[in-house]
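*Asks:* Fold the following, please.
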Amino acid sequence: MTKADALYLALIAIGLSIDSFVLWPRFLRRSEAEPARARVWLWSSSIIFLWTLVAAGVALWMLERRSFTQLRLVAPHGWRLLGTIGLLLSVAIFYVRPIATILRARRSNKRIKFPKDAARRAPHTRAELAWWMALSVSAGTCEEFIFRGYLIWVLQPSLGLWFAAAASLIVFAAAHTYQGAKGVVAVGVVGGLFTLIVLVFGSLLSAIAVHVLIDAGEGLVAWLALRDAPAGHDGASGLGEPLLASTDRQLV
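*Replies:* This next block holds a predicted model:
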């Protein structure tokens, strides 16, 4: 690990601290008065924050003249490609049930249960859904680069592959402490899946694709449930049927 790597690790730590202790508390305060504007502000700030960290990481990698294959930034092939496609189909099928639940409820004029806290952070309009999708792509790409790519790489020489992967997973879960204990556990479980995908398939791109699809699915389910809510409404949609998805600003 070079001095530049040490500086990048410090930048990651500072960035994650700002995200948890500055951006998130500010969002909570702003959402009390202007929930719609607060959501867009949070998502746009997160997108800028994530891509800034990745841009710094890419610059470091190019400065050190390293191969991106060291980060497992390679396309899966053979059975690994088939496995990736299978996982993507499984994720898509998983969201069929909540989407069908919403559509059935709307056809019968039933209201749909949606957690109040999740509703405050979820997209309500087409414009917000577009922001959410941009955030999904950013989170899926950038978080995988940082946690499953760079952190595993930089920790592996001293910890070994599997301990490095475990350490990066712990950091990943800890970065989502704003979601509470249950949220951290859920993020840890899903993050563990992403870690296994990277290690078994040998491709960061596989994990990125699955990560993006999961986050996008969460946003789509939320939007379908909340899109007819009155302006400024951030409580549960009053609904009679619960949803499977528990949307946050980003799942992981």
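
*Asks:* Burial check on residue 20, number of neighbours?
*Replies:* The local packing of residue 20 (other C-beta atoms under 10 Å) involves 15 other residues. To be clear about C-beta, it is placed using only N, CA and C from the backbone, and glycine gets the same treatment.

*Asks:* which residues does it contact?
*Replies:* 175, 177-178 (C-beta atoms under 8 Å, 6 or more residues apart in numbering).

*Asks:* Top of these by number of neighbours, please.
*Replies:* Among the contacts of residue 20, residue 175 has the most neighbours (other C-beta under 10 Å), with 23 neighbours.

*Asks:* And that residue, what's its pLDDT?
*Replies:* Listed pLDDT for residue 175 reads 84.

*Asks:* How about the one 3 residues further on?
*Replies:* pLDDT, residue 178: 76.

*Asks:* So for it, what's the nearest residue that isn't a sequence neighbour?
*Replies:* Leaving out its chain neighbours, the residue that sits closest to residue 178 by C-beta to C-beta, 6 or more residues apart in numbering is residue 24, at 4.6 Å.

*Asks:* Give me the three-state assignment for that neighbour.
*Replies:* In three-state terms, and counting by DSSP: H, G, I helix; E, B strand; the rest coil, residue 24 is helix.

*Asks:* and it, how far is that from residue 54?
*Replies:* Distance, residue 24 to residue 54, using C-beta to C-beta, to the nearest Å: 20 Å.

*Asks:* Please tell me how far residue 15 sits from residue 71.
*Replies:* In this view, residue 15 and residue 71 are 18 Å apart by C-beta to C-beta.

*Asks:* State which helix of this protein is the longest.
*Replies:* In the chain, with assignment by DSSP state H, the single longest helix is helix 35-63.

*Asks:* Check the average confidence over it, would you?
*Replies:* 95.

*Asks:* just stretch 147-167 next, same as before
*Replies:* pLDDT averaged over stretch 147-167 gives 95.

*Asks:* cool, and stretch 20-28?
*Replies:* pLDDT averaged over stretch 20-28 gives 89.
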